[in-house]
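> what would the 3D arrangement of this be:
(2 chains)
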Amino acid sequence: MKYAVLVCGGLDKPLGSLAREVALSAAEEAECEIICPVLLNNSPGRYEAALKDLPLAVVDGCGTRCATKLATKLELRISRRLLLPEALKRLGETFEDSLRPGPLARQLARKLVLQLVADEAEHETAAETAAVVFAEPARFIKVTHDKFVFLIPADGYLFNENDCWVQASGNRARVGISDFMQQSLTDISFFDPPEIGREVEQFDDLGSVESAKAVFDLISPVSGRVVAVNEALADTPEFINEQPYTAGWLVELELADFGADAELLLTPEAYAVKVKAKAEEAST
Amino acid sequence: MSDATFMGVRRDQIDWAPSIDYSKCDFCMACDEFCPHKVFERQEGEIKLVVANPKNCVVFCRACAKTCGPDAISFPAKPETIAAIKRIRQDGGEAE
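Okay, here's the model as predicted:
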């Protein structure tokens, strides 16, 4: 798939140089269009056509995430994102500490482009998981605090204290964030998913969700293997706010040992007590 | 926060908070601006930012490290923290 690639402008940093190599590879090998952050910031109209025709991919050189923040400021929808330190970790690679990228950096850039634009494997896996049924919650526990109401499914869901839920179905499970957390984050603009096939331990990171207000690490309530991510969220991240327990699910896993994991999780009733306490603490 | 618990264990028994590598930190304050739990505190002098309230840190959250451009923030090894939490729970821990 072709993307408009908004790239880190870190000319004075090695990973900024690598980000530029990634953008060049994306342009050369995947026919993507490069978006310069400086020009976009000064004259957004110059890229109007590209941003209208192509989905946006963002390459951030470091945790400052200048490119992501610029896209958010301009209210551009991000379809794909590469945060280079994390992407390098996934590849098990390190980067030569130089502002002038050598042949090794160009090889690395080609591998990183695959992470940015390749998504066929995910589609295959998503199709494979389509047969698993996850029932919608039939009733909810309501936690009220001031004018706020936080819903918690009364059956079929377990929670960790990091405000993530898990719903198991056979040897599969879906994971998402609770109504309390989505209300705390306010309008969610982006879900940064984990890679398909990754093995996770209970309480490992499973990607993150971002709003204008905060970045929230999804902490896995269960151990297992990532078999699918909710691809609909690339176009409609607002599902996480609107339907946090159903259409706004984030990751699907093949469970490793749900029985053992469940011992460290909260029932809906116990989570309701936690939500009440957190809401009270947040307002003091 | 002294009465706070996490997974039935008193928060002050759990070793989980960021550490700042001052050889890398450029005091941009992105982590402090990000963290809503007041874990960090700014101060005068050469060291302009410290981890002042480690027990306010949300156990297993490492989101502040992701805001750090120079990669100066690290956390304890998660498996060891989990093992310690399980051990305390088995030993009786704290009532919820």
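
> can we go C-alpha only for contacts and neighbour counts from here?
OK.

> need the pLDDT of the most centrally placed residue in chain A.
In chain A, the residue lying closest to the centroid (Cα atoms, centre = their mean) is residue A:192, at 1.7 Å. At residue A:192, the model reports a pLDDT of 89.

> can you report phi and psi for it?
phi -100, psi 100 (degrees, to the nearest 10).

> let me see the ranges of the strands in chain B.
B:5-6, B:9-10, B:19-20, B:40-42, B:49-51, B:73-74 (DSSP state E).

> SS state for residue A:110?
Three-state call for residue A:110 (DSSP: H, G, I helix; E, B strand; the rest coil): helix.

> and the residue lying closest to it once chain neighbours are set aside, how many neighbours?
Spatial nearest neighbour of residue A:110, excluding adjacent residues (Cα to Cα, 6 or more residues apart in numbering or on different chains): residue A:25 at 6.0 Å. By other Cα atoms under 10 Å in any protein chain shown, 22 other residues sit near residue A:25.

> doesn't residue A:25 fall inside a strand?
No - counting by three-state DSSP, residue A:25 is located in no strand; its state is helix.

> could you report the distance from it to chain B?
24 Å (Cα to the nearest Cα, to the nearest Å).

> what bits of the stretch 1-150 of chain A have low per-residue confidence?
A:118-131 (pLDDT under 70).

> thinking again about what came up before, relative to chain A, which of the strands of chain B is closest?
strand B:5-6 (7.0 Å; Cα to the nearest Cα).

> now the helices for chain A?
Remark: helices assigned in chain A by DSSP state H are A:14-30, A:37-42, A:48-53, A:66-73, A:84-91, A:103-117, A:120-129, A:179-185, A:238-242, A:258-262, A:268-282.

> residue B:9 is nearest to which of the ones you listed?
helix A:268-282 (13.6 Å; Cα to Cα).

> would you mark the buried spots in that closest one?
Neighbour counts over helix A:268-282 (16 or more other Cα atoms under 10 Å in any protein chain shown) mark A:268, A:271-272, A:274-276, A:279 as buried.

> can you check stretch B:64-80 too?
For stretch B:64-80, by 16+ other Cα under 10 Å, it's B:64-73, B:78.

> need these in JSON lines with pLDDT and distance to residue A:263, can you?
Formatted as JSON lines, the buried residues of stretch B:64-80 follow (pLDDT from 0 to 100; distance: Cα to Cα, whole Å):
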{"residue": "B:64", "pLDDT": "89", "distance to residue A:263": "29"}
{"residue": "B:65", "pLDDT": "89", "distance to residue A:263": "29"}
{"residue": "B:66", "pLDDT": "82", "distance to residue A:263": "30"}
{"residue": "B:67", "pLDDT": "82", "distance to residue A:263": "33"}
{"residue": "B:68", "pLDDT": "87", "distance to residue A:263": "34"}
{"residue": "B:69", "pLDDT": "83", "distance to residue A:263": "37"}
{"residue": "B:70", "pLDDT": "87", "distance to residue A:263": "38"}
{"residue": "B:71", "pLDDT": "89", "distance to residue A:263": "34"}
{"residue": "B:72", "pLDDT": "95", "distance to residue A:263": "35"}
{"residue": "B:73", "pLDDT": "96", "distance to residue A:263": "31"}
{"residue": "B:78", "pLDDT": "88", "distance to residue A:263": "18"}
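
> returning to that earlier point: identify, out of the strands of chain B, the most deeply packed stretch.
Stretch with highest mean neighbour count among the strands of chain B: strand B:9-10 (a mean of 20; mean count of other Cα atoms under 10 Å in any protein chain shown).

> before we move on, the earlier item: now render the strands of chain B as JSON lines, adding distance to chain A.
Converted to JSON lines, these look like this (distance: least, Cα to the nearest Cα, whole Å):
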{"stretch": "strand B:5-6", "distance to chain A": "7"}
{"stretch": "strand B:9-10", "distance to chain A": "11"}
{"stretch": "strand B:19-20", "distance to chain A": "15"}
{"stretch": "strand B:40-42", "distance to chain A": "16"}
{"stretch": "strand B:49-51", "distance to chain A": "17"}
{"stretch": "strand B:73-74", "distance to chain A": "11"}
